[in-house]
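J.: quick one: sequence and predicted model below, then my questions.
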Amino acid sequence: MLRGMYAMVAKDLSPVPLCIAAFGNGVRWICAYYYVGYISRRMLGVVLSIGVAVEAVIYGYSVEGFAGIVLRYLSMLQLMKMVSYVVVNREYAILGKDDLKFAEPVLSPTIPGFIIYPTLCYQMHYPASPERSYFNMFVYLLLAMPSSIAFYWTLTELCYNACLKVLHDGDFDAYLDVIIWVNAGWVSGFVVVFISFFGIQGEISRFGDKKFFGAWWDTTVLGYWRRWNSMIHMWIKRHVYKALLKKNITQRTSKLAIFLFSGVVHEYIIGNCVKRRGIGFLVMFLQMPLDYSVHHICVKLRLSPNLASFVVFNLLGAPAVALIATFAVNRK
């Protein structure tokens, strides 16, 4: 199993895209550091344009498969961090009403510190843990390996084979297997990233706010996207949603813009892996009409919206994406 995981990553990974990603992100942070002294709107636009252009270059030299997803994901996180850093510094770190105020002790971030903190939103001070918990780090490390193996095995072996049976034979029992294994893989991947990786990152940096996600498994359609990744949700809320509201754009239009933005990001990260262009963007673009439809059905039939979201995401949505990806890969 470990050999299979290593072979999968080694097959796609090469030094060139790694060096380009490291160099590109270094260039972005150098621009951000020297930009802080200039607060004009024009300079803000220049720096943000440089950041996006660098990401386009990284994408052009990116790798395929799982390794490509990881590389693009990490690079996109750094781009979002850089945007937050320059925007907040331009606005003199004015915090919104929804931002939490933390008591002492606090961390005052430097750029290297902000890069390694498990947060995307820049502010002048962060909550600090009194000390590092080496026991917690040990637990997070213990979780990393089995959850990574489960993530690889359930998606690339069990779910993939079940999808082939559904596509070739139309086997309903195989579809039930797809539901089981795609959700098992999703949960395993979630544990790797949001519990193990960010937990270790938080302990190393003594970052005090370790709420990286909410109860995304028990919520509505739109509530899911607010809870499953708190860091990205807060970044979008601060730097996209509030910025649009300040320009007197309506809440509904602002929410639509959020999902359009999120669709572009999802397409950028997973497009190469799924092998079906547009699926990441389409999935996110459909969230608002999907939420409206589900809400309407729940009111008419007096159903629980939480149960409806479980059906939409876990029983229909995730298996559908797995089947589309399997079909696209085998067609080639």
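T.: Received the coordinates, thanks.
J.: pLDDT value on the residue nearest to Val36 when sequence neighbours are not counted, please?
T.: Nearest residue to Val36, sequence neighbours excluded (Cβ to Cβ, 6 or more residues apart in numbering): Asn89, at 4.9 Å. The C-beta positions use only the backbone N, C-alpha and C, and glycine is treated the same way. Note on Asn89: pLDDT of 82.
J.: again with Phe114
T.: At Phe114, pLDDT is 92.
J.: just checking, it touches Tyr122?
T.: Yes - applying Cβ atoms under 8 Å as the test, Phe114 and Tyr122 come out as touching, 6.1 Å apart.
J.: mind listing the shared neighbours of the two?
T.: Lys81, Tyr85 (Cβ atoms under 8 Å, 6 or more residues apart in numbering).
J.: what about Ala308, which helix or strand?
T.: Assigned by DSSP states H and E, Ala308 belongs to helix 305-310.
J.: list the buried residues for that helix?
T.: Across helix 305-310, burial judged by 16 or more other Cβ atoms under 10 Å covers Pro305, Asn306, Ala308, Ser309, Phe310.
J.: restricting to C-alpha, output stretch 70-86 in CSV.
T.: Taking Å, rounded to 0.1, in the frame of the first residue of the first chain, the C-alpha atoms of stretch 70-86 are listed here in CSV:
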residue,chain,number,x,y,z
VAL,A,70,-1.4,19.1,-3.3
LEU,A,71,1.0,21.5,-5.0
ARG,A,72,-1.8,23.7,-6.4
TYR,A,73,-3.6,23.6,-3.1
LEU,A,74,-0.6,24.8,-1.1
SER,A,75,0.3,27.4,-3.7
MET,A,76,-3.3,28.8,-3.7
LEU,A,77,-3.2,29.0,0.1
GLN,A,78,-0.1,31.1,-0.1
LEU,A,79,-1.7,33.4,-2.7
MET,A,80,-4.7,33.9,-0.5
LYS,A,81,-2.4,34.6,2.5
MET,A,82,-0.5,37.2,0.4
VAL,A,83,-3.7,38.9,-0.7
SER,A,84,-4.9,39.1,2.9
TYR,A,85,-1.6,40.5,4.0
VAL,A,86,-1.4,43.4,1.5
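J.: tell me how far Asn25 lies from Ile116.
T.: 13 Å (Cβ to Cβ, to the nearest Å).
J.: more neighbours: the two, which one.
T.: Neighbours were counted for Asn25 and for Ile116 using other Cβ atoms under 10 Å; Asn25 has more, 22 against 12.
J.: for the closest residue to that one other than its chain neighbours, list the residues it contacts.
T.: Distances taken as Cβ to Cβ, 6+ apart place Gln78 nearest to Asn25, at 4.8 Å, with adjacent residues excluded. If you count contacts by Cβ under 8 Å, 6+ apart, Gln78 has them with Asn25, Arg28, Trp29, Ile115.
J.: before we move on, back to that, can you name the next helix or strand after the helix holding Ala308?
T.: helix 318-331.
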